[in-house]
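In: Curious how this folds, go ahead:
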Amino acid sequence: MSSNPSSAQRLFLDAPLSAGVDVTLDRNQANYLLNVLRMKAGDALLVFNGRDGEWRARIEAAGKRECVLALAQQTRAQEYGPDLEYLFAPLKHARLDYMVQKAVEMGVRRLRPVLTRRTQVSRVNLERMRANAIEAAEQCGILWIPEILEPEPLESAIAAWEAGRRLIVCDEAASHANPAEALRGITAGRLALLIGPEGGFAPEERELFTRQPFVTVVSLGPRILRADTAAVAALAVVQSCLGDWA
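Out: Numbers count the residues shown, from 1 in each chain. Prediction:
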């Protein structure tokens, strides 16, 4: 569900936004508004860029090759969700698309692909990930586009871990069956969540986690979940216990 009560069409613009500014859309966005959505000159919509909040805009000019938006007034000041990173073993295209979209809807600030010992997909299309992130942000009403990092080995990510950020690792082998109970006592702040590959973590990766003081390992219950399902379940638990649902 969107946090924005308006039913107006929303569009991400990679341009500065302020009152009185005119923005000329690129060909793809112009085609989307004019030919896919059948909008026309005089129609209103909401725009955002992840920096300057959300603005009400009007289609000022619409032609075969050009569409110009005129910005009127700001409808919402810029805001961000909790400082939550989401680390995940890459999946195949359709399931990765789904995972990215749902992670954005759940309010993550950063998307970090990590390569584990049992990761089955080593190449990640970052442009496709960004396109899915933008589409999800437009539809669910948030005002930021998550930062998308280059894939890196899990060991490298752990070795260079940011001081003061708690890493919550979801592992079916965890001793705590109830993830909410396992998260009790953790202070909300800078957080990260890690979902492993379909085959689970390797023994040496589990041993690596036990040596890190910043890691909390949790289970997601008695059933084995697919990685894309686990993403939604885990993010819901973290947001309800430590994030902006608490």
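
In: Next up, identify which helix or strand the residue nearest the centre of the chain is on.
Out: Centrality entry for the chain: nearest residue to the mean C-alpha point is Val104, 2.8 Å, by CA atoms, centre = their mean. Assignment of secondary structure by DSSP states H and E places Val104 within helix 93-105.

In: Now do that helix: which elements does it pack against?
Out: If you count contacts as 3 or more CB pairs under 8 Å, 6 or more residues apart in numbering; DSSP states H and E, helix 93-105 packs onto strand 84-88, helix 126-140, helix 227-241. Any C-beta I mention is one placed from the backbone N, CA and C, and that applies to glycine too.

In: quick one: which of these is nearest Glu54?
Out: Shortest distance between Glu54 and the helices and strands packed on helix 93-105, using CB to CB, is found for helix 126-140: 10.9 Å.

In: any residues touching the following helix or strand past the closest one, and which ones?
Out: The C-terminal neighbour of helix 126-140 among helices and strands, as given by DSSP H and E, is strand 147-148. Applying CB atoms under 8 Å, 6 or more residues apart in numbering, the external contacts of strand 147-148 come out as 109-111, 126, 129-130, 133.

In: Can you say which of the residues you listed are buried?
Out: Buried members of the contacts of strand 147-148, counted by 16 or more other CB atoms under 10 Å: 109, 111, 129-130, 133.

In: Please work out which residues outside the helix or strand of the chain with the lowest mean pLDDT touch it.
Out: Among the helices and strands of the chain, helix 179-182 carries the lowest confidence by mean pLDDT, DSSP states H and E, at a mean of 87. For helix 179-182, the surrounding residues in contact (CB under 8 Å, 6+ apart) are 170, 174, 176, 216-221, 234, 237, 240-241.

In: Give me the buried subset of these.
Out: Using 16+ other CB under 10 Å, the buried members of the contacts of helix 179-182 are 170, 174, 216-220, 234, 237, 241.
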